[in-house]
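Novice: Quick one: sequence and predicted model below, then my questions.
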Amino acid sequence: MSVALRAQLLLFLISLSSRMGLTRYIEDSEAADGIYSLLSFAQKRESEDFIFRRPLRCLDMLATEGYFTFVASRPQLACAAFVIAEPNEVISLELSDVNIDCSAGDFIKIFDGWVLKGEKFPSSHDHPLPPHERYTDYCSSMAPGLSSRSSQNVAMIFFRIHSPDSGFTLAVKKMHNPMPCNIMSQSPEGSFTMVIPHQRMNCSFSVIYPVEIRLTELSLGEAKSNEIRPLKQTWSGCSGSGDYVELLGGNGVDTSKMIPVADLCFSPSGLAQTKIGCDNSVVRLVSSGNYINRVSFQYRLLDQNELPKTRENSLEDFCRME
C-alpha cells in the first residue's frame with residue numbers, strides 16, 4: 001500500500017473511531033505523529049533486513065510488519081489498534097514484554113477482524129468462527145505472551161491500561177493466504193477476483209469508500225445467462241438459488257446490516273456496473289458448496305459530482321454522505 005493511501009486510511013479510521021469514543025484520550029499531536037511515521041517509513045526501509053520498530057499509540061493504524069511498543073504515560077482506558085494487510089495475506093499478532101495489572105481492570109484483547117461503531121467485519125454470518133472465539137484475551141491466558149492469527153487481511157487489538165509506565169510490545173507479521181476471503185480493501189481503486197471452490201461459505205470484499213463497481217467475470221454454478229438487476233420489493237432476487245453475488249452499501253462494516261443494491265445469479269453478458277454512494281461498498285459472494293464460484297470486478301472512487309442525489313440507474317439513494 002502506498003504511503004499516501006496508508007495516511008488516508010489512517011485519517012479515515014481516526015475520524016470514524018471518534019464516533020466510538022476511542023479518541024477520548026488521544027491528543028491531536030499523536031495523529032500527526034502517526035502520519036509522520038507512515039511517511040518516514042518508506043525512507044527508512046532500505047534493505048530487506050530492516051526491522052521496523054516504533055511506539056504504539058492509543059488509537060493506531062498498522063499496515064506494516066514490525067514491533068510496536070506501548071507505554072502508558074497516563075491512564076488509557078479506551079484504546080485500539082487496527083491492523084491491515086494485503087488482500088492475499090493474513091496477520092499474525094504476538095504479545096511480549098507485557099506489564100499490565102489484570103486485577104486492576106487492565107486488559108489486552110486481540111480480535112479476529114475489525115470492530116467499528118459496534119459492528120464487526122467480517123459479519124458473524126460470514127466468519128468461520130463464532131463471535132466468542134474471535135477474541136483472544138491476554139488476562140484469561142496463563143501464558144506469559146499471547147499470539148493470534150487472523151482469518152482474513154484485517155485484525156485488531158483492544159487494550160486498557162490504568163498505571164503509568166505499564167505496557168506491552170506487539171509483533172505484527174504477515175503470511176500468504178492462498179484462498180483470500182472477507183477482504184477489507186486498502187485502496188479506493190483496484191480490481192480483485194474472489195473464488196470459492198466447492199465450499200459452503202460466504203466471502204465479502206469491502207471498500208470503505210463510495211465507489212463504482214464493474215463486474216468483469218462471473219461464474220456461478222450452472223448459470224446459463226447473464227444479467228444484473230436492481231432489487232425490487234416485488235422480486236425475491238437470487239437468494240433462493242444458493243449461489244449468487246450481491247452488491248451492498250451502507251455506512252457501517254457489518255454486511256448483514258447493509259442494504260442490498262443489486263444481486264446476480266447469472267453472469268453478465270456485457271459489462272455490469274453500478275455506483276454505490278455510501279461509506280462502505282461491498283461485493284459479497286455466496287456459495288452453496290456445490291460448485292466452483294468465481295467473481296472478478298473492478299472498482300474506483302466516485303468523484304463528488306458522481307455521488308447519487310435522488311436516483312441513479314433506478315437504484316434508490318439510501319446513503320447520505322456527510
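Specialist: That came in fine, so what should we check first?

Novice: Y291 against H198, yeah?
Specialist: Yes: the pair Y291 / H198 is scored as a contact, 7.0 Å apart, by C-beta atoms under 8 Å. The way it works is simple: take the backbone N, C-alpha and C, and place the C-beta from them, glycine included.

Novice: Tell me which of these two has more neighbours.
Specialist: Y291 (17 against 11; other C-beta atoms under 10 Å).

Novice: Just give the closest residue to the more buried one, not the sequence neighbours.
Specialist: Using C-beta to C-beta, 6 or more residues apart in numbering and skipping the chain neighbours, the partner closest in space to Y291 is G221 (3.9 Å).

Novice: Sheet partners, orientation included, of the strand or helix carrying S96?
Specialist: Element membership for S96, per DSSP states H and E: strand 89-99. Using DSSP bridges, the strands paired with strand 89-99 are strand 146-149 (antiparallel), strand 167-176 (antiparallel).

Novice: Buried ones in the last one, by neighbour count?
Specialist: The reference is to strand 167-176. G167, F168, T169, L170, A171, V172, K174 (16 or more other C-beta atoms under 10 Å).

Novice: Likewise for the first one?
Specialist: Buried positions in strand 146-149, judged by neighbour count with 16+ other C-beta under 10 Å: L146, S148.

Novice: Can you tell me the closest non-neighbouring residue to A104?
Specialist: That would be H162: by C-beta to C-beta, 6+ apart, it lies 5.6 Å from A104.

Novice: Give me the distance between that neighbour and E306.
Specialist: From H162 across to E306, the span is 48 Å (C-beta to C-beta, to the nearest Å).

Novice: And for H132?
Specialist: 42 Å.

Novice: For those two, work out which one has more neighbours and name it.
Specialist: E306 (14 against 6).

Novice: Can you say which helix or strand has the nearest residue to that one once chain neighbours are set aside in it?
Specialist: Using C-beta to C-beta, 6+ apart and skipping residues adjacent in sequence, the residue nearest E306 is K275, 6.4 Å away. Assignment of secondary structure by DSSP H and E places K275 within strand 272-276.

Novice: Can I get that strand in PDB, CA atoms only?
Specialist: The C-alpha atoms that make up strand 272-276 are tabulated as PDB, following Å, rounded to 0.1, in the frame of the first residue of the first chain:
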ATOM      1  CA  ALA A 272     -22.300  -4.900 -15.400                       C
ATOM      2  CA  GLN A 273     -21.700  -1.800 -13.300                       C
ATOM      3  CA  THR A 274     -23.300   0.300 -10.600                       C
ATOM      4  CA  LYS A 275     -22.400   3.200  -8.300                       C
ATOM      5  CA  ILE A 276     -22.700   2.900  -4.500                       C
END
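
Novice: just checking, what packs against that strand?
Specialist: strand 211-219, strand 227-230, strand 244-250, strand 259-266 (3 or more C-beta pairs under 8 Å, 6 or more residues apart in numbering; DSSP states H and E).

Novice: Now the residue nearest the centre of the chain: closest residue in space that isn't a chain neighbour?
Specialist: Nearest to the mean C-alpha position of the chain, by C-alpha atoms, centre = their mean, lies M184 at 3.4 Å. Closest residue in space to M184, ignoring its immediate chain neighbours: V154 at 4.7 Å, by C-beta to C-beta, 6+ apart.

Novice: cool, F121 as well?
Specialist: V253 is the one closest to F121 (C-beta to C-beta, 6+ apart), at 4.0 Å.

Novice: roughly how far apart are V286 and V98?
Specialist: V286 is 41 Å from V98, by C-beta to C-beta.

Novice: ok, those two, which is more surrounded?
Specialist: Per other C-beta under 10 Å, whichever of V286 and V98 has more neighbours is V286, with 24 against 19.

Novice: Run through the residues that contact the more buried one.
Specialist: V286 makes contact with N202, S239, G242, D243, Y244, V245, E246, according to C-beta atoms under 8 Å, 6 or more residues apart in numbering.
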